[in-house]
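>>> Sequence plus the predicted model coming up.
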Amino acid sequence: MRRSILLLAAAAVLAGPAAVAAQTAASASFPSKPLRLLVPVPAGGPSDFMARQVAQHLGTSLGQVVVVENKPGANGLIAAREALAASPDGTTLLYAPGSMIAAPLLAKGSGLDWSQDFAPLGKVGRVPFALAVHPAVPAQTVAELVRHARQHPGVLNVATSTPSEVLAVVQLMKASGVQLTRVPYKGGAQALPDLLAGRVQIMFGPLALLQPQAKAGALRILATLAAERNAALPEVPTMAEAGWPAVEVPTWQGLYVAAKVPPAIRTRLATEIAAVVARPELRAEFERRMLAAEAASPQDLAALIARELAAWAAVIDEYKLTAD
């Protein structure tokens, strides 16, 4: 019996280096086939654009095609579950806006735990947000919008398609006392036509989506959701400058794989992604679209997620938020 235990212990010690060697070999040959990048939003929006740009550059770096697959719905849970169900060989990646980490918290009983089920590979950028209204709304400022909404409680419809947008709406309603009617959409690109047509009158959404329409006079941007004014719209105040500092949302975007993917492959992917985000041509393309490239290591992103999961848990409880 003692001999058997000793033999097992020795085998375990020997298996350690062997396992490390196997992982190193797998990393060296990775990837041996095309990759998939699951994107939890419909095609056509700013997050989709960022994901496709990253996929294109990452494919060049890795020497394999990275195929983008749009999997919208359930605040990203459809894409998340598919990423977890895929083979843990590192060839299935998940693109996720910052607010998507709140999806398992919003959907009670989802069975997902973001901090345990997914391994962050790195941050890739930010999608600046803004508050816009249909031109028929008699408001040139946020204060005027609030005053009009108070005079017409529940009449104004506001489009939302992500947890961040829902959060912005409930923050504004609580801070101002106004009553707005939320209309959910799968993505900002799907909500925009209804805003332009006046079927919804308000939208918190990506500046990249709203600015071209504002420039054409089809809608009006009242404020941006950032700590500082946007360089492309220096005349537009931030929500804090407009008098509503409590209205702020996460706008960062990141890449992930299932936590069961071998560490060596995760490290390889993280290194390549950081290099992609640093490329001047990618940064210039983002800037042209009013987007921002912004890198963060897996460790830094993990720390950010831990902080924001705690913050989301608090606001979900405070505002009694649930999945649409």
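That came through fine.

>>> What is the neighbour count of Ala278?
11 (other C-beta atoms under 10 Å). For the C-beta atoms, the positions are set from N, CA and C on the backbone; glycine is no exception.

>>> quick one: it and Glu294 touch, right?
No: Ala278 is not in contact with Glu294 according to C-beta atoms under 8 Å; the separation is 10.7 Å.

>>> which neighbours do those two share?
Counting by C-beta atoms under 8 Å, 6 or more residues apart in numbering, Ala278 and Glu294 have no common neighbour.

>>> which residue ranges form the helices in the stretch 1-150 of the chain?
For the stretch 1-150 of the chain, applying DSSP state H, counting those that start in this stretch gives helices covering 2-29, 46-62, 77-85, 103-106, 114-117, 142-151.

>>> Lowest mean pLDDT across those, which one is that?
Looking over the helices of the stretch 1-150 of the chain, mean pLDDT reaches its minimum on helix 2-29, with a mean of 56.

>>> ok, Phe30 - contacts?
Residues in contact with Phe30 (C-beta under 8 Å, 6+ apart) are 89-90, 265, 268.

>>> let me fix that: Ala143
242-243.

>>> Just the CA trace of whichever helix or strand Leu304 is part of, in CSV.
Assigned by DSSP states H and E, Leu304 falls within helix 298-319. Backbone C-alpha positions of helix 298-319 (Å, rounded to 0.1, in the frame of the first residue of the first chain) are rendered in CSV as follows:
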residue,chain,number,x,y,z
PRO,A,298,-5.3,40.5,-18.4
GLN,A,299,-4.4,41.2,-14.8
ASP,A,300,-5.5,44.8,-15.0
LEU,A,301,-8.7,43.9,-16.8
ALA,A,302,-9.4,41.2,-14.2
ALA,A,303,-9.0,43.8,-11.4
LEU,A,304,-11.3,46.2,-13.3
ILE,A,305,-14.0,43.5,-13.7
ALA,A,306,-13.8,42.6,-10.0
ARG,A,307,-14.5,46.3,-9.1
GLU,A,308,-17.2,46.7,-11.6
LEU,A,309,-19.0,43.4,-10.7
ALA,A,310,-19.3,44.7,-7.2
ALA,A,311,-20.5,48.1,-8.4
TRP,A,312,-23.1,46.4,-10.7
ALA,A,313,-24.4,44.2,-7.9
ALA,A,314,-25.0,47.3,-5.9
VAL,A,315,-26.8,49.3,-8.6
ILE,A,316,-28.9,46.2,-9.6
ASP,A,317,-30.0,45.9,-6.1
GLU,A,318,-30.6,49.7,-5.7
TYR,A,319,-32.5,50.2,-8.9
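
>>> in whichever strand or helix holds Ile221, what's buried?
Ile221 belongs to strand 220-225 when assigned by DSSP H and E. For strand 220-225, a neighbour-count test (16 or more other C-beta atoms under 10 Å) marks 220-225 as buried.

>>> Stretch 173-190 now?
Those buried within stretch 173-190 under the rule 16+ other C-beta under 10 Å are 173, 176, 178, 180, 182-183, 185-190.

>>> now it: mean pLDDT?
Here the average pLDDT along stretch 173-190 is 92.

>>> Then stretch 86-96?
Here stretch 86-96 scores 98 as its mean pLDDT.

>>> do stretch 65-75 as well
Average pLDDT, stretch 65-75: 95.

>>> now stretch 152-159
Per-residue scores along stretch 152-159 average to 95.

>>> Contacts for it next, please.
Residues outside stretch 152-159 that contact it (C-beta under 8 Å, 6+ apart) are 137, 148-149, 165, 169, 178-183, 185, 188, 191, 194-195, 199-205.

>>> nearest spatial neighbour of Gly59, skipping sequence neighbours?
Among residues not flanking Gly59 along the chain, Val66 sits closest, at 4.1 Å (C-beta to C-beta, 6 or more residues apart in numbering).

>>> Tell me the gap between stretch 158-175 and the middle of its chain.
Relative to the chain's own centre, stretch 158-175 is displaced by 15 Å; criterion: C-alpha atoms, centre = their mean, to the nearest Å.

>>> Report the buried residues of it.
Residues of stretch 158-175 classed as buried: 158-173 (neighbour count, 16+ other C-beta under 10 Å).

>>> ok so, going back, dump the strand holding Ile221 to PDB, restricted to CA.
Only the C-alpha atoms of strand 220-225 are listed here, as PDB (Å, rounded to 0.1, in the frame of the first residue of the first chain):
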ATOM      1  CA  ARG A 220     -29.700  66.600 -31.300                       C
ATOM      2  CA  ILE A 221     -26.900  65.600 -28.900                       C
ATOM      3  CA  LEU A 222     -27.400  67.200 -25.500                       C
ATOM      4  CA  ALA A 223     -24.400  65.800 -23.500                       C
ATOM      5  CA  THR A 224     -21.600  63.200 -23.500                       C
ATOM      6  CA  LEU A 225     -21.100  60.500 -20.900                       C
END
